[in-house]
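Chemist: Below: sequence and its predicted model.
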Amino acid sequence: MERHRESYAVAIAHALQREVGGSRQAVKTVMRWTGAGERTVKNWFAAKSGPRGEHLAALASHSDEVFAAFLALTGRQQDRSGIALHGLRQKIAALLEEIDGAVTRG
């Protein structure tokens, strides 16, 4: 069980680092996504512990990398096919919002 817990923490830490990097701003972003405290989030980034319950759900809803890592840990990698498209759709939507804001201001 300890080995499984360790691989979970490592997988989530790597996913977070791929998604948001490892800067102070990255920690703040994850804190904002989850409502978790700074020490807790830093422990996730350092793979000292992994998020539980609602924190994991919040991370997976904001991060394609965390969602993909979670699916891989469950052995359901085949479900990842729609992740890239979903992430691309979110990025396009954010860009369209920026364009609309620039047009409105301009």
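Modeler: Great, that's in hand.

Chemist: helices or strands up against the top helix by length along the chain?
Modeler: Identified as the longest helix of the chain according to DSSP state H is helix 81-105. Judged by 3 or more C-beta pairs under 8 Å, 6 or more residues apart in numbering; DSSP states H and E, helix 81-105 is in contact with helix 64-74. No exception for glycine: its C-beta is placed from N, CA and C like everyone else's.

Chemist: got the angle between the helix it packs on and helix 81-105?
Modeler: 170 degrees (axes from the mean of the first three to the mean of the last three C-alpha atoms, to 10 degrees).

Chemist: From the contact counts, what lies against helix 64-74?
Modeler: helix 2-20, helix 53-62, helix 81-105.

Chemist: Enumerate every residue touching the most centrally placed residue in the chain.
Modeler: In the chain, the residue lying closest to the centroid (C-alpha atoms, centre = their mean) is Ser63, at 3.0 Å. Contact analysis of Ser63 by C-beta atoms under 8 Å, 6 or more residues apart in numbering lists Ala15, Leu16, Glu19, Val20, Trp33.

Chemist: most neighbours, which of those?
Modeler: When these are compared by neighbour count (other C-beta atoms under 10 Å), Leu16 ends up highest, at 25 neighbours.

Chemist: Does that one touch Ala46 like I think?
Modeler: No. The criterion here is C-beta atoms under 8 Å, and Leu16 misses it with Ala46 at 10.2 Å.

Chemist: So for Val66, what pLDDT did the model give?
Modeler: pLDDT recorded at Val66 is 94.

Chemist: Look up how far Gln90 lies from the residue nearest to the centre of the chain.
Modeler: Ser63 sits 11 Å away from Gln90, going by C-beta to C-beta, to the nearest Å.
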